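Undergrad: Fold the following, please.
(chains A and B)
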Amino acid sequence: MDLLSPIKDHYSERRIFIARVVLTSVFGVLLLGLVIARLVQLQVFDYEHFAERSLGNRVRIEAVPPIRGLVFDRQGRVLAENLPAYQLELIPEQVLDVDATLQRLATLELIEASDIPRLRELSESGPRFKPVALNPRLDDEQIARFAIQRPRFPGVDFRPRLVRHYPHGEYIAHAVGYVGALSTSDLERLDPSRYAGTTQTGKTGIENSYESRLHGDSGFRHIVTNARGRRVPAESRDLQETLPADEKPAPGYNLYLSIDLDLQALATEQLAGRRGAVVAMDPWSGEVLALISAPSFNPNLFAVGMSQSQFSSLQQDMDRPLFNRAVRGTYPPGSTIKPMLALAALETGATNLERRTVCYGFFILPNTTHRYRDWKPEGHGEVDIHDAIEQSCDVYFYEISNDIGIDRMHDYLARFGLGSDTGIDVVGERPGLVPSTEWKRKSFRNPSDQRWFQGETVIASIGQGFMLTTPLQLATATAALATRGVRYEPRIVAAWEDPLSGERTLTSPVRLDDVELDDDSNWDTVLGAMNSVMQGPRGTARAVGSGAPYRMAGKSGTAQVFSVGQDEEYEEEEIEERLKDHALFIAFAPVENPQIAVAVIVENGSSGSGVAAPIAKAIMDKYLGYDDAAD
Amino acid sequence: MRLTETQRLVSGKAAPLGDFTRLLRRLHIDGPLLGGLLLICAFGLVVLYSAVGEDMRLWLNQVVRLGVALVAMLVAAQFSPDFLRRWTPWAYLGGLVLLALVLVTGEVGQGARRWLDLGIRFQPSEIMKLAVPMMAAWYLHDRQMPPRLSHIMIIALIIIAPTVLIARQPDLGTALLIAASGVIVIILAGLSIRLMLALAALSVPGAYMLWNFMQDYQKQRVLTLLNPDSDPLGAGYNIIQSKIAIGSGGLFGKGWTNGSQAQLEFLPERDTDFIFAVMGEELGLLGVLTLLTLYMFVVARGLFIAIQAHSTYARLLAGSISLTFFVYVFVNTAMVTGLVPVVGIPLPLVSFGGTSMVTLMAGFGILMSIHSHRKLLPQ
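TA: The predicted structure follows:
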């Protein structure tokens, strides 16, 4: 073959080859120069930019939630704390067969079988290394059961987390309130930087109204993660040296309440099986000593999280346990406003100490025929203002009602705080209603309805008709009677404490406008009569007050239940029960030096003196230290 | 200046080094080339240890492959260029048959049909990496340089046949490299510059046709190169992370095994195609330049061997092997730094994985054979 080929010129061939090697080498060097130039650009000129992006790649800021402030009662007993609860978790990447694992956990009753589809979806959706919460709180028995079986469940474990706990839940549910899972609407309202790591927020009670103090501030820490977001343990690499400084969370303030747990417990027990409310206050400071709405509920259910069925049964309960009757329930005050109206009558000259009325058991307005009945059908006989309060004679007040006039009634009752918010540090209170001619004119569209009738004044004089008050308002009004006109805004929180420095800040009592009388002796008249209600020979509540080792003053009331429309489904017996009058009682003690003012409402309790008064007495006994002596 | 056996004994230069040189010569090994290659391999193993996340098992795996590759080099060096030339057509034709077989019966892996199982599993495209330049050189060996247009057309056919077969697998990266190794032969043979410019001009419509031939994922790679930030979590992710890794390495790097991009798995394919970025991040500009220098030394030595070769076949083959090696290095580093589209080409001798390393080392074995089998005629 070589012989047949054309003669090769080896010399020129090699020359061409060398030339081509040089040519390609030059080209190669150019390409190499391009790469090197690129490297210099990336590693020298753009170094800062890429170094920062590299840091941003791996460093995540993780929020550290603050520890929520504790809540104590006036004697330093814990009402709200944070306890570790054991949460059952599953790490998807460590579980071979998620489905089978969930089934087996359900047979062990560690999770609910109905939850399996939701949990399966959760384990499939998130990052494989991120734990999925299977059960937010294992009870002791479940923990024990799982601990034995744990080797059979690789990738499943329980982990402690802090959960709000109310050790005396039922007693303080309506005063302290509860925390619950942050909702989207909460997130819109709250400062995202403070709540970065938080999962719960105060929903009701002081948990809600003092949220900003209780919560504290979220801290944050820088963590190094890999590309899939998995955290790199601090000790594993020295990649973490350059991390910026972390910020510790600032724990929330501890709250000291004026609430007394013993009174709460006592009132709760007293109201057991009934619907009603009790509010007790220190009249000289406005400190709320007790605030109970019955029936109560277990606020821990909200803090831990409850099933849908638990929640709907709470919501649909006919007795409405979630409804805070103490601050939101509005009731006709009945005869409990008579002491205040008596003051109005004496001050305005509508009556005087000498004026006497013979009570035949009913009252008829001049030129009319309608009989306004007294609660006592046979009548009280001849009564003066003192007797009218002591015996709660309705006819006496009917008679003087139009001499006082509805607008002056309104004026005096408003001075005691009725018909407007008390300003208590619990959100959601209702203002109630004290009618007046102006109110009626504004509230009704139909001109014939806008007129005020004399008969309406008559029934207003015994706290019926349009008039509505909350138990809290009755308590503050009673406190104002006890102090002879000195009024304070009701307060539940007495102090807060910085948990780091231990420094305590007392909330100062907020004094409101006094109820001032032209003639201070009118106080003696009315308060003396209120004392007689409980400890006089013919007092309506003498059965409760007589024989007590201290002097007390009070006033009973019964309020007619007039609206039954929504109760139509009730059974016969039930209707009867729920149509009974509400029983009310207000009281304070000791008369010479009042230390506690109480308002009690028992829905459908029929008799203020018979049902509500003993509860008020029990609370005063307890607070004044006579509870053992009474036995 | 060469010494006779006697002179050596007399001059007292029979130092152990002399014995070593003689041993290398007897084994047809080129000392400088071997030195350069071993330095690259050693450097590569150091980087790889970090890139596989300090996984000793994987690392030893690579050490073993490297050993196999060195043996392949040693074996290849024993065949004389004349022997290789005689067997070249058979190797080429055999390779073509196997490639065709792959398309029919090959095993599928990662969406492509590249493997053939004939007792041992291998990729026939690896044979072609050497067989194509060998065949081109074989064809030109007896012919007058510079080649005539008709010869070039035939070589073009020699190149295109396997290239198309491999591209069909599909394995665009390997196909392009094989085509490049053949084209380099033509260029070195003296393809007229005018013709080259004409071909370059033709490449514009050619690129358009190529675009229409490309699979969607290949088109995506090109688009991503032009604007990686258009899809930061998708196709552009690799390039962005790779640039962050290299850029954040700076002049001196973050330190061996301390590259956060690599160690925290932000960098994809860190032990294979993107290992250059690991080096850039952990060892910095200085580290990468050191490696590039070693590569250039090897390429330069290869070209030196080519220039010194005695036959047209040997000359063209040696030149092609050396320059193809350069193309490997360039394409990989340019890809990792975001200069060219992501093509699945590993960094030679450093990336994890064995098949291509064996071929590569066999190629260097041929270079050594070419250098050591020269007939020692006076120049």
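
Undergrad: Mind jotting down where the helices sit in the stretch 251-379 of chain B?
TA: Using DSSP state H, counting those that start in this stretch, the helices of the stretch 251-379 of chain B run over B:260-263, B:275-308, B:312-336, B:355-372.

Undergrad: do the third one and chain A meet?
TA: Yes. Helix B:312-336 lies within reach of chain A by Cβ under 8 Å from any Cβ of the partner chain, at B:312, B:315-316, B:319, B:323, B:326, B:330, B:333-334. No exception for glycine: its C-beta is placed from N, CA and C like everyone else's.

Undergrad: now do the longest one
TA: Yes. For helix B:275-308 and chain A, the contact criterion (Cβ under 8 Å from any Cβ) is met by B:280-281, B:284-285, B:288-289, B:292, B:296, B:299, B:303, B:306-307.

Undergrad: Tell me the one of those residues nearest chain A?
TA: B:L285 (4.4 Å; Cβ to the nearest Cβ).

Undergrad: The closest one reaches A:A37, doesn't it?
TA: No. With contact defined as Cβ atoms under 8 Å, B:L285 does not count as touching A:A37 (11.6 Å).

Undergrad: if you count what's nearby, which of these two comes out ahead?
TA: B:L285 (21 against 12; other Cβ atoms under 10 Å in any protein chain shown).

Undergrad: what sits against that one?
TA: For B:L285, the set of contacting residues under the criterion of Cβ atoms under 8 Å, 6 or more residues apart in numbering or on different chains consists of A:39-40, A:43-44, B:249-252.

Undergrad: Could you find the closest non-adjacent residue to it?
TA: Leaving aside its sequence neighbours, B:L285 sits nearest to A:Q43 (Cβ to Cβ, 6 or more residues apart in numbering or on different chains; 4.4 Å).

Undergrad: Tell me how many other residues crowd A:T505.
TA: Counted with other Cβ under 10 Å, A:T505 comes out at 12.

Undergrad: ok so it is a strand residue?
TA: Yes. Applying DSSP: H, G, I helix; E, B strand; the rest coil, one finds A:T505 inside a strand.

Undergrad: Helices of the stretch 1-150 of chain B, start to end?
TA: B:5-11, B:16-26, B:31-51, B:56-78, B:81-105, B:124-141, B:149-167.

Undergrad: want to throw these into TSV with mean neighbour count, distance to chain A and mean pLDDT?
TA: Formatted as TSV, those follow (neighbours: other Cβ atoms under 10 Å in any protein chain shown; distance: least, Cβ to the nearest Cβ, whole Å; pLDDT from 0 to 100):
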stretch	mean neighbour count	distance to chain A	mean pLDDT
helix B:5-11	11	31	50
helix B:16-26	11	24	79
helix B:31-51	20	12	94
helix B:56-78	16	17	94
helix B:81-105	16	11	91
helix B:124-141	26	9	92
helix B:149-167	18	12	90
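
Undergrad: Could you check those helices and tell me which one is nearest B:A200?
TA: The closest of these to B:A200 is helix B:149-167. By Cβ to Cβ, the value is 14.9 Å.

Undergrad: contacts for the closest one?
TA: B:92, B:95-96, B:99-100, B:102-103, B:125, B:128, B:131-132, B:135-136, B:139-140, B:143, B:147, B:174-176, B:178-179, B:182-183, B:185-186, B:191, B:195.

Undergrad: What is the burial count for the residue of the stretch 251-379 of chain B at minimum distance from chain A?
TA: Using Cβ to the nearest Cβ, the closest approach of the stretch 251-379 of chain B to chain A is made by B:L264 at 3.9 Å. Here the count is done by other Cβ under 10 Å, and B:L264 has 20 residues near it.

Undergrad: Backbone dihedrals for the nearest residue to it once chain neighbours are set aside, please?
TA: Nearest-residue entry for B:L264: A:N226, 3.9 Å, with adjacent residues in sequence omitted and distances by Cβ to Cβ, 6+ apart. The phi/psi pair for A:N226 (degrees, to the nearest 10) reads phi -90, psi -170.

Undergrad: From B:L267, how far out is A:N226?
TA: For A:N226, the distance to B:L267 (Cβ to Cβ, to the nearest Å) stands at 11 Å.

Undergrad: Which one's more surrounded, those two?
TA: A direct count of neighbours by other Cβ under 10 Å for A:N226 and B:L267 places B:L267 higher, at 28 against 16.

Undergrad: Find me the pLDDT at that one, would you?
TA: With respect to pLDDT, B:L267 scores 87.

Undergrad: I'd say B:Y328 and B:T174 touch.
TA: No. Assessed by Cβ under 8 Å, B:Y328 is found out of contact with B:T174, at 10.8 Å.

Undergrad: before we move on, the earlier item: ok, now which ones touch the residue nearest to B:L264?
TA: A:58, A:232, B:263-266.

Undergrad: let's see 7 Å
TA: For A:N226, the contacting residues are A:232, B:264-265, by Cβ atoms under 7 Å, 6 or more residues apart in numbering or on different chains.

Undergrad: Give me the domain ranges for chain B.
TA: Residue ranges for the domains of chain B, per automatic domain parsing: B:42-78+B:231-373, B:83-213.

Undergrad: and what of chain A?
TA: A:10-45, A:62-257.

Undergrad: re the thing from before, quick check: the residue nearest to B:L264 vs A:E52, distance?
TA: 19 Å.

Undergrad: What of A:N254?
TA: From A:N254 to A:E52 the distance is 42 Å (Cβ to Cβ).

Undergrad: Neighbour count for the two, which is higher?
TA: Ranked by neighbour count (other Cβ under 10 Å), A:N254 and A:E52 place A:N254 first, with 21 against 13.

Undergrad: Any idea what that one is bridged to?
TA: Residues in a beta bridge with A:N254, per DSSP bridges, are A:E497.

Undergrad: I'd guessed it sits against A:G69; true?
TA: Yes. At 4.7 Å, A:N254 counts as touching A:G69 under the criterion of Cβ atoms under 7 Å.

Undergrad: shared neighbours, these two?
TA: Contacts common to A:N254 and A:G69, judged by Cβ under 7 Å, 6+ apart, are A:P499.

Undergrad: any weak-confidence spans in chain A?
TA: Scanning chain A for pLDDT under 70 picks out A:1-8, A:228-229, A:233-243, A:562-575, A:628-631.

Undergrad: got CSV for the helices of the stretch 251-379 of chain B, with mean pLDDT and distance to A:V510 too?
TA: Output for these, formatted as CSV (pLDDT from 0 to 100; distance: least, Cβ to Cβ, whole Å):
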stretch, mean pLDDT, distance to A:V510
helix B:260-263, 84, 58
helix B:275-308, 95, 65
helix B:312-336, 94, 72
helix B:355-372, 92, 84
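
Undergrad: Highest mean neighbour count out of the ones you listed?
TA: helix B:260-263 (a mean of 28; mean count of other Cβ atoms under 10 Å in any protein chain shown).

Undergrad: neighbouring contacts of it?
TA: So helix B:260-263 is contacted by A:54, A:57-58, A:237, A:239, B:50-51, B:53, B:241, B:244-245, B:248, B:254, B:257, B:267, B:270, B:278, B:281-282 (Cβ under 7 Å, 6+ apart).

Undergrad: before we move on, back to that, just put the domains of chain B in a markdown table and tack on distance to A:G33.
TA: Output for the domains of chain B, formatted as a markdown table (distance: least, Cβ to Cβ, whole Å):
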| stretch | distance to A:G33 |
| --- | --- |
| domain B:42-78+B:231-373 | 11 |
| domain B:83-213 | 19 |
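
Undergrad: element containing the closest residue to chain A within chain B?
TA: Nearest residue of chain B to chain A: B:G247, at 2.6 Å (Cβ to the nearest Cβ). Element membership of B:G247, judged by DSSP states H and E, is helix B:237-249.

Undergrad: which strands and helices sit next to that helix?
TA: Secondary-structure packing of helix B:237-249 (3 or more Cβ pairs under 7 Å, 6 or more residues apart in numbering or on different chains; DSSP states H and E): helix A:47-58, helix B:260-263, helix B:275-308.
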